[in-house]
Every structure is written in C-alpha cells, then in structure tokens.
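[1] can you look at this prediction? I've put the sequence above it.
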Amino acid sequence: MSLEFNKVAGAGLGALVFAMGIGFVADLIFAVEHPEQPGFVVAVAEEAPADAAGGGEPEVESIAVRLASADAAAGEGLTRACAACHVFVSSNENKVGPGLYGIVGKTPGTHEGFSYSPALVEYGQSHAWTYEQLDAFLAAPKAVVPGTKMAYAGMRKPEDRANLVAFLRTLSDNPEPLPVADAAPAEEAPAEEPAAVEEAPAEEAAPVEAAPAEETAPVEEAPVEEAAPVEEAPVEEAAPEVQAPEEAIPDPAAPPAPAQ
C-alpha cells in the first residue's frame, strides 16, 4: 500500500471514531428519557368530593338524558385538550392517537393504520363505540379498558362528556340516531285504603259493684254461766241409833214388885 492511501484511510477512520465518540459523549451529557407510553397526560382538576352529609355524590343521569340538552359547540371547544393526539376532520389521519372522525358507532381498535394496544383490540371484539361506551370510556379510560395505551386521565363532569359526545356525533356524513331516554316510571298513586270504619268503642259495662256483704255480726256467745257449784249438803251424820233399853228380863230370883 502506498503512503498516500494509508494517510487517507487513517484520516477516514479517525473521523469515524471521532464522530462516534462525539455521539457517545453527547448521550452522556444530554440524556433523553423516553416515556413508557406515547402522548402526554392531560391534567384534569378534580372536583371536590360532595359533602358527606349531603348523601354522597348525586346520581348521574344516563347519557341519553344528558344528550337531549347537550351543546355540541361546547363539546368542540373541549377537543382542544385532545388536538395534540387526535384529528377531528374527514381526512382522519393518525397522530399519536387514531383519527376520531366517524368514531360514534365504530368498532374499537379498527381504525386503519393505527397500532392499538392488545387490550383495546380485545375490547373491540365484544363492544362498539356506542354513546354509552364512549361516555364510560371518556370518564375513566383505564377503568373501562385496562391496559390501554391512552394516557388521558378522564373527564369527570358528566355534562362535559355529554357535550363532547354530542360533538363527536356530528363528525359523520350519516350521524347515529340519538338514544331514546327511558321514560321515567310513572309513580303510582298510593291506593287509597278504605277508610277504616271506626268502631265506636264498646261501652264497657260498668262493673257491677258487688254490694259489700254485710259482715255477719259475730254471734257473741253468751258467756256460759258457770254452774254454781252445787253445794253439797252436809251429809247429816246419822244420829246414833238410840237403842231402846232392853227391857229387863225379870230375874226369876228377884222378889216380885209389890202390887199397887
């Protein structure tokens, strides 16, 4: 090899090494962190929670009811937060996210030329972008389709979602018909209960007051007169029998009394 060729080859190799070294040094100095998901998160101010004493959050009306009074012009103004990722014109080209022209009624995950997440493709196998599904997805994308690449946090106000959906409906040559709100069930008037016949309170029979039984006067037992002790008559001692004097038997030997 000639000396000239060695010089040219060395210069070229040196320039290549220098360029690689410059790029390596630049990467060290200016490190670039790539986001895990494309796009950016749009901060949405959270509403203050409803007063607990007021019974919690009020019940949200269905999208059919809200669409009846929705403002599509106001919904168009809300798309400014989405313009960095989506287009809303008939050209419908893809940006960070798919084009959204004709989105109402479309099958999720089928816009041509856009690489959807597997989660959204699977979701589209059993769902369509109906008014109800769009309303739920706009409120909380990751809650409806876990694993979606969409970085949007969600739109909290039901009125804003209704306005945005009303605007999306206009992005079609043949807009989908509006849903019919379910008629509120008529409140049945409470059946009048037949007036209860008030029975006159039965007059309670006055309790017959039993005449107090005259207490039988206790028979006062006459005091038993104690029998006067029978005074035993003194037994009269039998008088000693006076024996009649025995007549003297005349002694035959005695002289006879003189005759008078």
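    That came through fine.

[2] against residue 156, how distant is residue 91?
    Here the criterion is CB to CB, to the nearest Å. By it, residue 91 lies 31 Å from residue 156. All C-beta atoms are positioned from the backbone trio N, CA, C, and that covers glycine.

[3] where does the stretch 1-150 of the chain have low pLDDT?
    1, 31-57 (pLDDT under 70).

[4] at 50 instead, please
    51-54 (pLDDT under 50).

[5] related to what we said a few turns ago, compare residue 91 and residue 156 and say which is more crowded by neighbours.
    Legend: neighbour count by other CB atoms under 10 Å for residue 91 and residue 156, higher for residue 156 (14 against 8).

[6] pLDDT score assigned to that one?
    pLDDT, residue 156: 93.

[7] what's the helix or strand for residue 162?
    helix 158-170 (DSSP states H and E).

[8] what residues sit buried inside that helix?
    The neighbour-count check on helix 158-170 (16 or more other CB atoms under 10 Å) flags 158, 160-169 as buried.

[9] ok, so of those, who is nearest residue 141?
    Nearest to residue 141 among the buried residues of helix 158-170: residue 161, at 12.0 Å, using CB to CB.

[10] returning to that earlier point: what lies in contact with the helix holding residue 162?
    Residues outside helix 158-170 that contact it (CB atoms under 8 Å, 6 or more residues apart in numbering) are 60-61, 63, 66-67, 69-76, 78-79, 88, 100, 103-104, 131, 134-135, 138-139, 155, 175-176, 178.

[11] one more: stretch 82-92?
    By CB under 8 Å, 6+ apart, the residues outside stretch 82-92 that reach it are 39-40, 42, 79, 93, 95-102, 111, 152, 168, 171.

[12] one more: stretch 94-109?
    By CB under 8 Å, 6+ apart, the residues outside stretch 94-109 that reach it are 38-39, 82, 84-93, 111, 113-114, 116, 120-124, 127-131, 133-134, 145, 150, 165, 168-169, 171-172, 175-176.

[13] swap in 6 Å and give it another go.
    Outside stretch 94-109, the residues that touch it by CB atoms under 6 Å, 6 or more residues apart in numbering are 38-39, 85-88, 90, 92-93, 111, 113-114, 116, 120-121, 123-124, 128-129, 168-169, 171-172, 176.
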